[in-house]
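Q: sequence first, predicted coordinates after that:
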Amino acid sequence: MSSPKVPSRSPRKRQHSSLPISLKEKDIESTEMLLRPSLRKKQRSSLPISPKEKYIEEEPLWQKKFHALCAFKAQKRHCHVSQSDAGNKSLGHWVSQQRVSYTRNTLNSDRIQRLNSIGFAWDPREVSWNGSFYQLCAFKTQHGHCNASQHGPRYKSLSRWVSRQRMLYKRNALNSNYIQK
């Protein structure tokens with residue numbers, strides 16, 4: 001299922017939205033018009049947009065992408081959308097942007113909460129590491145050791161992962177949180 005193509009918007013062009021404008025925003029707009037009576041709608045589009053205006057302008061697009069992510073999760077049972085997946089390239093890019101915004105502390109707390117509510121992974125590398133670690137734990141429970149390489153091609157991927165962790169540990173490059181596990 002591919003997501004519909006969303007037309008790109010110019011970040012400076014003001015879009016009308018079905019969202020209600022709060023009284024404070026109306027006051028800001030009318031004050032701005034009073035202070036600069038020469039402003040007309042044509043001229044307003046060349047003015048910088050405040051963060052609040054940008055948030056309101058981007059909200060419908062964000063909602064659309066969020067719902068596409070929810071549909072993706074319902075189908076695949078995870079939120080790890082690859083940017084290289086031709087059918088979900090746009091959604092994968094959006095997911096990546098959310099992670100970058102979160103890391104830079106520029107993502108709105110409401111959006112963080114909504115993404116958390118669907119099990120969004122902020123650090124996909126850690127999710128991947130934990131998945132491999134849990135596979136190793138299951139292997140150890142079943143076989144009594146962590147030497148996955150002794151058990152043939154069935155555990156080839158796990159064996160590579162274990163070898164890489166050992167190499168990183170020897171080089172003193174393994175994350176201390178991982179060592180504690």
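A: Nice, I can see it.
Q: packing partners for the longest helix along the chain?
A: When the chain is parsed with DSSP state H, its longest helix is helix 51-76. Packing partners of helix 51-76 (3 or more CB pairs under 8 Å, 6 or more residues apart in numbering; DSSP states H and E): helix 23-35, helix 89-103, helix 109-117. Backbone N, C-alpha and C define where each C-beta goes, glycine included.
Q: count of neighbours near K140?
A: Look at K140: counted by other CB atoms under 10 Å, it has 13 neighbours.
Q: and the next element down the chain from the helix or strand where it lies?
A: Using DSSP states H and E, K140 sits in helix 124-143. Once helix 124-143 ends, the next helix or strand along the chain (criterion: DSSP H and E) is helix 156-170.
Q: picking that back up, ok, of the helices and strands packed on helix 51-76, where does mean pLDDT dip lowest?
A: Comparing mean pLDDT across the helices and strands packed on helix 51-76, the weakest is helix 23-35, with a mean of 45.
Q: backbone phi and psi for H78, please?
A: phi -160, psi 170 (degrees, to the nearest 10).
Q: A71 versus that one, what's the distance?
A: 13 Å (CB to CB, to the nearest Å).
Q: quick check: buried residues in stretch 142-152?
A: Residues A148 are the ones in stretch 142-152 that count as buried (16 or more other CB atoms under 10 Å).
Q: which residues are contacting that stretch?
A: In this structure, residues lying in contact with stretch 142-152 by CB atoms under 8 Å, 6 or more residues apart in numbering are L136, F139, K140, Y155, L158, S159, V162, S163.
Q: what's the neighbour count on the second one?
A: In terms of burial, F139 registers 19 neighbours under the definition other CB under 10 Å.
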